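Visitor: I need the structure of the sequence given here:
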Amino acid sequence: MSVNATATATATESLQKGIAEFYDESSGIWENIWGDHMHHGFYEPGSDVSLSDHRSAQIRMIEESLRFASLSEDSEEKPKNIVDVGCGIGGSSRYLAKKYGAKCQGITLSPVQAQRAQALANAQGLEPKVKYAMQYTFSLL
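Guide: Residues are numbered from 1 along each chain as shown. As a prediction, the model looks like this:
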């Protein structure tokens, strides 16, 4: 490996660890604010932006993303395996596991988020279908 490649790998690892530490320290606060889904919502023009609507807007964001992806509602074509990269505390993958009955694998840089996500999945009876892991590196097969 060249000096440049080694320096880049070291910088990338340092960045990933810094991000993981930030999420480890702040996930509880984000969960209190955002709930299960650590992402923004989809708001119709003129909609209310109250906290209760925000939680609904997060689900609408998932549904709009599925619609945009042209995911079929046909039970024969529904996804059977889902990977949630950057899963946070797993709200979206738990939602999709329930919606489709799919197996879900959530991946995050934060061991704290992975543990919290798994605890929430287990509490909701999703343990056999939904697994979460902390992972710094990814490879495509």
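
Visitor: Helix, strand, or coil at the spatially most central residue of the chain?
Guide: Centre of the chain computed as the mean C-alpha position; nearest residue by Cα atoms, centre = their mean is residue 87, 2.0 Å away. When classified by DSSP: H, G, I helix; E, B strand; the rest coil, residue 87 comes out as coil.

Visitor: quick one, what contacts it?
Guide: Applying Cβ atoms under 8 Å, 6 or more residues apart in numbering to residue 87 gives the contacts 93, 106, 107, 108, 113, 114, 117, 132. C-beta: built from backbone N, CA, C; applies to glycine.

Visitor: same thing but 10 Å
Guide: 38, 93-94, 104-108, 110, 113-114, 117, 130, 132-133 (Cβ atoms under 10 Å, 6 or more residues apart in numbering).

Visitor: Kindly report the same for residue 127.
Guide: Applying Cβ under 10 Å, 6+ apart, we find residue 127 in contact with 118, 119, 121.

Visitor: Does the helix or strand of the chain with the lowest mean pLDDT pack against any helices or strands, and if so which?
Guide: Of all helical and strand segments in the chain, the minimum by mean pLDDT, DSSP states H and E falls on helix 3-34, at a mean of 75. With contacts taken as 3 or more Cβ pairs under 10 Å, 6 or more residues apart in numbering; DSSP states H and E, helix 3-34 sits against helix 51-68, strand 103-108, helix 111-123, strand 130-134.

Visitor: okay, those, which one's buried deepest?
Guide: The highest average neighbour count among the helices and strands packed on helix 3-34, using mean count of other Cβ atoms under 10 Å, belongs to strand 103-108 at a mean of 22.

Visitor: Give me the distance between it and the centre of its chain.
Guide: 8 Å (Cα atoms, centre = their mean, to the nearest Å).
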